[in-house]
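S.K.: Sequence below, structure please.
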Amino acid sequence: MSPGAPTRPPRRKRFGQHFLHDRQVIARILAAVDPRPGEHLVEIGPGHGALTRELLTMPGISLDALEIDRDLAATLRPAFDAVPGARLHEGDALRFDFGALSAARGGRLRIIGNLPYNISTPLLFHLAHAAAAISDVTVMLQREVVLRMAATPDSGDYGRLTIMLAPYFAIERLFDVGPGAFRPPPKVWSAVARLTCRREPLFTVSPGFAAIVAAAFNARRKTLRNALRSLMDEAAIASVGVDPQARPETLTPEQFNSLAQTLDRGRSAS
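M.R.: So this is what the prediction gives:
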């Protein structure tokens, strides 16, 4: 470290921090995002600012960053203060109002970041709920999470995460990243994925959708007849053209939604 350089705050394990430092990986992420003038970027978890400082130099974009670690935020704040219009928000991305930020910025947001592994799934669900305010999401996650996100029916990685994200995002796995790209290196490989928000959901999501999907994959080795026993009977499953003897991983998201609609009608009638 050069004389006078700021001391980096210690890593806080509770935040699941692994700081990206590999310049080639950073360049590949920037190339994948390809920010253009007039776009509104939001970086989640800037950490030590390896990616952030590149984004701050790009002309014509607006940049907001969300950092939960107050010590890291303090070291990043001078860089943001030096760029008119750039904003650093100190707080939890799981509670952040992306819709309000989109309204304030005057356009849909492009999300970018190296997401903490310990909150990746709930954060993806939070982003899905704000999909109307978001254009796309380019994020680094644990590789096995990306494989589940982008899986197809009747594959080993296909499951609850795949199905819950499908109505809101088209998902593409871009490239893998080894542990050595981070400090400290994680014990697993990572991958970068692009989630493109649909202008309209793939289908109108039924209120019972989450309950049906959760029940099915809590017992994914069982047939639907047995996995959904507490929610609906065999006749109700068959009524939407789904085989009660099928296993959950063979159904499309649309078929799960059809089952949820049947569940909702049954609840309304009771």
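S.K.: Now the helix or strand Ala27 falls within: buried residues?
M.R.: According to DSSP states H and E, Ala27 maps onto helix 23-33. Neighbour counts over helix 23-33 (16 or more other Cβ atoms under 10 Å) mark Val25, Ile26, Ile29, Leu30, Val33 as buried. Using the backbone N, CA and C atoms, a C-beta is placed for each residue, glycine as well.
S.K.: Stretch 220-230 too?
M.R.: By neighbour count with 16+ other Cβ under 10 Å, stretch 220-230 contains the buried residues Thr223, Leu224, Arg225, Ala227, Leu228.
S.K.: what about it, how long is it end to end?
M.R.: Distance across stretch 220-230, first residue to last, is 15 Å (Cα to Cα, to the nearest Å).
S.K.: what do you get for stretch 232-244?
M.R.: End-to-end for stretch 232-244, by Cα to Cα: 11 Å.
S.K.: Would you map out the domains in the protein?
M.R.: By the assignment in automatic domain parsing, the chain contains the domains 13-197, 209-269.
S.K.: For the first one, what is the distance to the chain centroid?
M.R.: Read it as domain 13-197. 8 Å (Cα atoms, centre = their mean, to the nearest Å).
S.K.: ok, now how distant is Arg148 from Met58?
M.R.: Taking Cβ to Cβ, to the nearest Å as the measure, Arg148 falls 32 Å from Met58.
S.K.: Setting the sequence-adjacent residues aside, check what's closest to Pro122.
M.R.: Distance criterion Cβ to Cβ, 6 or more residues apart in numbering; nearest residue to Pro122, sequence neighbours excluded, is Leu94 at 6.0 Å.
S.K.: picking that back up, would you reformat the domains of the chain as JSON lines and include distance to Phe203 and mean pLDDT?
M.R.: Below are these laid out as JSON lines (distance: least, Cβ to Cβ, whole Å; pLDDT from 0 to 100):
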{"stretch": "domain 13-197", "distance to Phe203": "6", "mean pLDDT": "94"}
{"stretch": "domain 209-269", "distance to Phe203": "5", "mean pLDDT": "95"}
